[in-house]
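Asker: give me a model of this one.
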Amino acid sequence: QVQLVESGGGLVQAGGSLRLTCAASGRTVSLYNMGWFRQVPQKEREFVARISWNGIRISYADSVKGRFSISRDNAKKTVYLQMNSLKPEDTALYYCAAGGRESATITAYDYWGQGTQVTVSD
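Answerer: Predicted coordinates for the structure are as follows:
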């Protein structure tokens, strides 16, 4: 069993930065591929970024490439999402997820956190 808790969200002006943190618990969490997704009301949850269990393979949604950076520290069982040059359209509830497959699809992830709200004002 894996439990995920996100933190670091908040209100920021356009052009600003935030760093989201996902703290994971569970003995084998370091073997899971990790992803960040986001969702706004009445829209489907969308992929943001993912990182393989060993941190070697990373992928981003086109909308965040060059602005967001995903990383992980397996010793601390923590995954990060550094978000720079934030835009109002980045406003969403951001979720951390853990799964056995490297994928951008929601169904590839078995465990989800409760989410942390990011609001970007213009």
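Asker: per-residue pLDDT, the most centrally placed residue in the chain?
Answerer: Among the residues of the chain, the one closest to the centroid is residue 36, at 2.4 Å (CA atoms, centre = their mean). With respect to pLDDT, residue 36 scores 98.
Asker: and if you look at residue 27?
Answerer: The model's pLDDT for residue 27 equals 76.
Asker: from the chain's centre, how far out does stretch 9-27 sit?
Answerer: From the chain centre to the centre of stretch 9-27 is a distance of 8 Å (CA atoms, centre = their mean, to the nearest Å).
Asker: now the residue nearest to the centre of the chain: closest residue in space, sequence neighbours ignored.
Answerer: Ranked by CB to CB, 6 or more residues apart in numbering and with sequence neighbours excluded, the top spatial neighbour of residue 36 is residue 48, at 4.3 Å. To be clear about C-beta, it is placed using only N, CA and C from the backbone, and glycine gets the same treatment.
Asker: element containing that neighbour, please.
Answerer: strand 46-51 (DSSP states H and E).
Asker: OK, contacts around the residue nearest to the centre of the chain?
Answerer: 20, 22, 48-50, 70, 79, 81, 94-97 (CB atoms under 8 Å, 6 or more residues apart in numbering).
Asker: the residue nearest to residue 36 and residue 62 touch, don't they?
Answerer: No - Residue 48 is beyond contact range of residue 62, at 10.8 Å (criterion: CB atoms under 8 Å).
Asker: need the contact partners of the strand holding residue 48.
Answerer: 33-39, 57-61, 64, 68-72, 79, 81, 94, 102-106.
Asker: now stretch 62-70
Answerer: By CB under 8 Å, 6+ apart, stretch 62-70 touches 34, 36, 48-51, 58, 60, 79-86, 89-90.
Asker: and that stretch, what's buried?
Answerer: 64, 68-70 (16 or more other CB atoms under 10 Å).
Asker: which stretches of this protein have low pLDDT?
Answerer: Applying pLDDT under 70 to the chain flags no residue at all.
Asker: which residues in it form helices?
Answerer: Assigned by DSSP state H, the helices in the chain number zero.
Asker: can you map out the strands along it?
Answerer: Remark: strands assigned in the chain by DSSP state E are 3-7, 10-13, 18-25, 33-39, 46-51, 58-60, 68-73, 78-83, 92-99, 109-112, 116-121.
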